[in-house]
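Novice: fold the stuff below for me.
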Amino acid sequence: MTLAELTSYLYCSHYGIDVKQETVDYIANWTSNGQKFNELPSGVKGQILTHVGSATKTLTNSTDKLLEKEQEKLGQIVKENFLDTPEHSQWYVQKEKMEQEVTDNETNGTNFKTELTALRKIEKSMTIDTVRNLDDAFNKTQCWTADGNYSKLTDNLQNEIEKNQEKSKLLDDKEVQTSKPHVATVNSSLTNEKAKEIAIQKSEQELDR
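Specialist: Predicted coordinates:
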């Protein structure tokens with residue numbers, strides 16, 4: 001049992017899971033605070049530690065391979081859904097902000113309403129099916145817990161989404177800039193038309209005299 005507990009401790013530590021106190025208490029109980037282990041011959045102690053190290057390595061290698069495959073799947077989901085267009089990246093980032101408000105139990109707060117409004121604004125130009133597909137893909141990239149949720153994406157994937165989102169902002173800025181000259185041209189055209197009308201009216205008045 002002590003071998004299994006030591007292996008479990010090292011395995012959990014490898015993935016940043018703190019079970020130190022539980023392990024210490026358990027092993028202390030089984031070994032009479034280490035006395036039984038100290039009484040073992042040196043060769044047996046070495047065999048125990050070697051076995052624990054070997055078992056831990058086998059388990060972590062196996063788990064690392066599974067995690068790698070999972071990340072590949074997540075990467076494919078991101079590529080197909082959130083990196084295909086800057087707008088979809090923008091949707092992901094905004095959706096995450098809104099879900100964070102839900103996680104913080106602020107569904108009735110001003111922040112939640114603001115983030116939800118921003119999300120709906122992005123969705124205006126999308127079809128219902130597109131939003132449904134994005135929502136489904138988003139849920140696959142999240143790990144839901146009793147305390148809320150957190151993203152399963154790596155920092156690299158998160159950065160790619162945010163960089164792609166910036167392209168959407170640049171496109172929006174260009175649209176605003178290109179629309180301004182158009183407005184100016186329209187206003188100029190209206191002014192010219194008004195000037196022509198005034199000139200014609202003056203000419204007619206001169207002829208009447």
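Novice: which residues in this protein form helices?
Specialist: Secondary structure of the chain (DSSP state H): helices at 2-14, 20-30, 35-38, 42-81, 86-103, 110-123, 128-140, 155-208.
Novice: report the rounded mean pLDDT for the longest one.
Specialist: Meaning helix 155-208. The pLDDT scores in helix 155-208 average 64.
Novice: follow-up on the earlier one: tell me which of the helices of the chain is the most buried.
Specialist: Here the criterion is mean neighbour count by mean count of other CB atoms under 10 Å, and of the helices of the chain the winner is helix 86-103, at a mean of 20. For glycine as for every other residue, the C-beta is placed from the backbone atoms N, C-alpha and C.
Novice: that one versus helix 42-81: what angle between them?
Specialist: Orientation of helix 86-103 against helix 42-81 (axes from the mean of the first three to the mean of the last three CA atoms, to 10 degrees) gives an angle of 120 degrees.
Novice: tell me what helix 86-103 is packed against?
Specialist: On a contact count with 3 or more CB pairs under 8 Å, 6 or more residues apart in numbering; DSSP states H and E, helix 86-103 meets helix 110-123, helix 128-140, strand 148-151, helix 155-208.
Novice: so what's residue 115 up against?
Specialist: Neighbouring residues of residue 115 by CB atoms under 8 Å, 6 or more residues apart in numbering: 94, 97, 98, 101.
Novice: sorry, wrong one. I was asking about residue 95.
Specialist: The neighbourhood of residue 95, defined by CB under 8 Å, 6+ apart, consists of 119, 134, 135, 138.
Novice: one more time with 6 Å, if that's ok
Specialist: residue 138 (CB atoms under 6 Å, 6 or more residues apart in numbering).
Novice: just to revisit the earlier point, out of the helices of the chain, flag the one nearest residue 149.
Specialist: Comparing the helices of the chain against residue 149 with CB to CB, the closest turns out to be helix 86-103 (5.9 Å).
Novice: centre of the chain to the closest one, how far?
Specialist: Taking CA atoms, centre = their mean, to the nearest Å, one finds the center of helix 86-103 at 8 Å from the center of the full chain.
Novice: now residue 88, nearest residue through space, not along the chain?
Specialist: Closest residue to residue 88 apart from its sequence neighbours, by CB to CB, 6 or more residues apart in numbering: residue 82 at 5.1 Å.
Novice: check residue 133 too.
Specialist: With CB to CB, 6+ apart as the criterion, residue 133 has its nearest non-adjacent residue at 6.8 Å, and that residue is residue 81.
Novice: my guess is the one you found meets residue 136, correct?
Specialist: No - when contacts are counted by CB atoms under 6 Å, residue 81 is not listed as touching residue 136 (8.7 Å).
Novice: so how far is residue 52 from residue 45?
Specialist: For residue 45, the distance to residue 52 equals 11 Å [CB to CB, to the nearest Å].
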